[in-house]
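J.: heads up, no residue letters with this:
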């Protein structure tokens, strides 16, 4: 039941929710398009009371479960994602911090004893032993003119770190990262030594592999040609057709040895939490962590890109930091839940199961509220990207169950029609299990009007209606679309949050807006508030379209950007907001 007065048409929910992705829970483990807990809690608090049951049929990394636990609600989470269940279950697996640190330290020491200290180096400054923090690697490319090998890092260094000035050292022709990759080479070691208060850089030195190296289990799962990300990331051209190909030989072996030690931890809750910390470091421990001269650019989580210059990080360092991050997340949940000790959180009731959203194993009228964040059509292919971690979990998500729309036909038949059926079935299932007078909230984002029209049809065919008074824009602070596009273009950087209620089959005809209707509304939106990004304009247009019962099929982000260009607007590169001379008279 709602604990908010019905006199407030918005139930106290703001029209725009801006959240940062820096809280301890968000930082503990990465997952694609994860919704921060502070974006979910206002809706749970508005539509439920303490002890009520919240359902999320597209649970992903389990943020709805964390939000429910933090607000003393119960949660039932479902998804087809093996990685999602692993993360979501362990977010609310609150353990004793001292015991976790103890078991983590024991596992690291056992792995080091087995392999030798493979991150030990000699400091060139003082001659003493030091610890390797990270190694900078470079690709060697073939010059497009003379075909001779060129170290990308050395060419960048010679050009004083200006890519436009990079030249082949053999023929002086310009070279770029698009050149054919020949091999990868380590070039610089960053070390921690007692002779310096800061990290030191020195030329790379070879390390010795332990004699037991090849005895370590090192998962290496194929990334097949039927995967959308195989095509989007051109994995075949780069020879990156297995998960193991994304790791240096050293880090692959260290990860394998550490994983084997973690599996021997006797306490199930501690073992699962340590596996949570382990999967959280995999992307950063791989070649997907991009180098920058000023600072690391972090890993490319949404695609399988390996930059021309990348890092090889010390796995043990990464693991230790992530264990501490998991402890901070536990403490944050305990604090929000209103308890301070491990034993007082035994009343947390969050359950996560693998199931399709259109076939929920729940009885009718069994949940008080639904909050969901389904895949947005073709934006992200979760099963493809999750394969990277699931290879180490020993269980793989079935991609044929995923609610996505393929960009390229590979035989899986994941079409828009199938996606619409899945969404309609999921909405109908939510309506079935929802108690009378309950509400269903959905986060959705896409730059295609056709996908929004598909959503409209699914909502109507499931017997639901969107409350126009409760449409909210969600801003997670993501300006760039590169991280969200996964190799594909045209992805909006903001989402809409719609709240729906059951009403029976809808027969209301949608009005098709004219170009003049759209342009007039775009002009008014920009005139009313200048501090906007193109995505803000687009989402405001969609919000108005829902309120006026428009057919949204013709409202594409491209139409908005074309209109803004016609008005001589461009984008401020620092803020991402519109600037220009205004609308032509």
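T.: Structure received. Computed from a predicted structure; not experimentally measured.
J.: Please compute how far stretch 219-235 lies from its chain's middle.
T.: Here stretch 219-235 is found 18 Å from its chain centre; the criterion is C-alpha atoms, centre = their mean, to the nearest Å.
J.: just stretch 215-235 next, same as before
T.: 19 Å.
J.: which of the residues in that stretch are buried?
T.: 216, 218-219, 223, 227-233, 235 (16 or more other C-beta atoms under 10 Å). For glycine as for every other residue, the C-beta is placed from the backbone atoms N, C-alpha and C.
J.: Tell me, how many residues neighbour residue 64?
T.: 33 (other C-beta atoms under 10 Å).
J.: Need the nearest residue in space to it, chain neighbours excluded.
T.: Of all residues not flanking residue 64 in the chain, residue 56 sits nearest, at 3.8 Å (C-beta to C-beta, 6 or more residues apart in numbering).
J.: wait, that neighbour sits on residue 374?
T.: No: applying C-beta atoms under 8 Å as the test, residue 56 and residue 374 come out as separate, 9.9 Å apart.
J.: These two: who's more crowded?
T.: residue 56 (31 against 23).
J.: Kindly list the main-chain dihedrals of that one?
T.: For residue 56, the backbone dihedrals (degrees, to the nearest 10) come out as phi -130, psi 110.
J.: Tell me the spacing between the residue lying closest to residue 348 once chain neighbours are set aside and residue 44.
T.: Spatial nearest neighbour of residue 348, chain neighbours left out: residue 69 (4.7 Å); criterion: C-beta to C-beta, 6+ apart. From residue 69 across to residue 44, the span is 10 Å (C-beta to C-beta, to the nearest Å).
J.: related to what we said a few turns ago, tell me if the residue nearest to residue 348 really is in a strand.
T.: No: judged by DSSP: H, G, I helix; E, B strand; the rest coil, residue 69 forms no part of a strand; its state is helix.
J.: count of residues packed around it?
T.: Neighbours of residue 69 using other C-beta under 10 Å come to 26.
J.: Use 454 as the first number from now on
T.: New numbering, starting at 454: the last item is residue 522.
J.: Which pLDDT value goes with it?
T.: Note on residue 522: pLDDT of 96.
J.: Can I get the buried residues of stretch 668-688 in JSON lines including secondary structure and pLDDT?
T.: As requested, the buried residues of stretch 668-688 are arranged in JSON lines below (DSSP: H, G, I helix; E, B strand; the rest coil; pLDDT from 0 to 100):
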{"residue": "669", "secondary structure": "coil", "pLDDT": "86"}
{"residue": "671", "secondary structure": "coil", "pLDDT": "87"}
{"residue": "672", "secondary structure": "coil", "pLDDT": "90"}
{"residue": "676", "secondary structure": "coil", "pLDDT": "94"}
{"residue": "680", "secondary structure": "coil", "pLDDT": "92"}
{"residue": "681", "secondary structure": "helix", "pLDDT": "91"}
{"residue": "682", "secondary structure": "helix", "pLDDT": "91"}
{"residue": "683", "secondary structure": "helix", "pLDDT": "89"}
{"residue": "684", "secondary structure": "helix", "pLDDT": "86"}
{"residue": "685", "secondary structure": "helix", "pLDDT": "85"}
{"residue": "686", "secondary structure": "coil", "pLDDT": "85"}
{"residue": "688", "secondary structure": "helix", "pLDDT": "90"}
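J.: mind listing the helices in the stretch 904-1038 of the chain by residue range?
T.: Assigned by DSSP state H, counting those that start in this stretch, the stretch 904-1038 of the chain shows helices spanning 935-938, 968-981, 987-1000, 1010-1019.
J.: Can I get those helices in CSV including distance to residue 729 and mean pLDDT?
T.: Formatted as CSV, the helices of the stretch 904-1038 of the chain follow (distance: least, C-beta to C-beta, whole Å; pLDDT from 0 to 100):
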stretch, distance to residue 729, mean pLDDT
helix 935-938, 23, 35
helix 968-981, 43, 82
helix 987-1000, 33, 87
helix 1010-1019, 36, 80
